[in-house]
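Colleague: would you be able to build a 3D model of this:
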Amino acid sequence: MDNFLDTGEHPEDQQTYVMFHGTSVEAAELIKKNGFILSRADISMLGAGVYVTRDIQKACEYPLGVSNSKRRVLKVRVDVGKVKIIDQQDHPMQKTWHTEHGYDTAWVPPGVDMVESNRQENCVYDPKRIKVMEVMKVNKKTMYV
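Modeller: Okay, the predicted model is just below:
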């Protein structure tokens, strides 16, 4: 059974939720074949991890600078493990939530001005916690699920 959580709801520890990851057609195929690769810690807002969202409309906007016809949204099942809320810029655990404190997922709630879109975001440290359920084309139907 799919476990959807509203974008503003706090994810509970040790639960599994449906989330979304926006990517290119080519990257979607690689992810299906080889799994996710961690983002680089030095250039990522929450450090190394796989960035996912419960906001499908946000996922449909990625990657930036790519036309909708070349975008895909991965519907994924995420075992969030132990979750840390990061709700402000320069949070003391913003990049150390996993490496120094043992959390599995960092969650940025919507409306806290951490990201330009002001929408919620999750960073999952271990890609093995994420399973691809479906690869979706980005179109009007997808954007308003």
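
Colleague: so which residues of this protein form helices?
Modeller: Here the chain has its helices, by DSSP state H, at 25-34, 56-59, 140-143.

Colleague: please point out which parts of the last one sit buried.
Modeller: Taking 16 or more other CB atoms under 10 Å as the basis for neighbour counts, the residues of helix 140-143 that come out buried are Thr142. Where C-beta positions appear, they are placed from N, C-alpha and C, glycine not excepted.

Colleague: the first one now?
Modeller: Of the residues in helix 25-34, Ala27, Ala28, Ile31 count as buried by neighbour count, 16+ other CB under 10 Å.

Colleague: got JSON lines for those, with pLDDT and distance to Leu74 too?
Modeller: Conversion of the buried residues of helix 25-34 to JSON lines gives the following (pLDDT from 0 to 100; distance: CB to CB, whole Å):
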{"residue": "Ala27", "pLDDT": "96", "distance to Leu74": "9"}
{"residue": "Ala28", "pLDDT": "97", "distance to Leu74": "6"}
{"residue": "Ile31", "pLDDT": "97", "distance to Leu74": "6"}
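
Colleague: tell me which of the helices of the chain lies nearest to Val112.
Modeller: Taking CB to CB, helix 56-59 is the member of the helices of the chain nearest to Val112, at 14.4 Å.

Colleague: distance between that closest one and the chain's centre?
Modeller: Centroid displacement of helix 56-59 relative to its chain, using CA atoms, centre = their mean, to the nearest Å, is 10 Å.
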